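Q: requesting a structural model of the entry that follows:
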Amino acid sequence: MTEISLQQREQLARIAMCTELENQQAGESVELFIRHHLEEIEPEYWQEHFATATPTVLQVLDALILISQWGDDSEKLDFTLADDVTDYVICVSFDSKGQVIDISMES
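A: I've put the predicted structure just below:
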């Protein structure tokens, strides 16, 4: 993989997730992940982390945390919600040149 730092990859991943959300077609991974959790997680969690029981999709996207990096030929970064509230992650995959090639929701 092209030598870019974890911080740079994380920034590229966040830009790609935001772009996917903005250019979205129904059922894309980022929106699916966020909307699912907005529906399933108790309002108390949102209140504690966002000071509102109903955060916006963009607020949730901005609050995702990087929990792991892995992979061989292509680096993968996993993002999720704080406090182990879910087993799901948004996985952002990079090619050998450091470009985002895929975003998927995984468990």
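
Q: what comes up buried for whatever helix or strand L32 lives in?
A: Under the criterion of DSSP states H and E, L32 resides in helix 29-40. Judged by neighbour count (16 or more other C-beta atoms under 10 Å), helix 29-40 contains these buried residues: S29, V30, E31, L32, F33, I34, H37. From N, CA and C alone the C-beta is placed, and that goes for glycine too.

Q: which of those sits closest to G71?
A: Using C-beta to C-beta, S29 is the member of those that lies nearest G71, at 17.3 Å.

Q: name the SS class of the closest residue to that closest one other than its chain neighbours, please.
A: Computed as C-beta to C-beta, 6 or more residues apart in numbering, the closest residue to S29 that is not its neighbour in sequence is M105, at 4.5 Å. Using DSSP: H, G, I helix; E, B strand; the rest coil, the structure places M105 in strand.

Q: wait, M105 touches I90, no?
A: Yes - M105 is within contact range of I90, at 5.8 Å (criterion: C-beta atoms under 8 Å).

Q: okay, and the common contacts of the two?
A: S29, V30, F33 (C-beta atoms under 8 Å, 6 or more residues apart in numbering).
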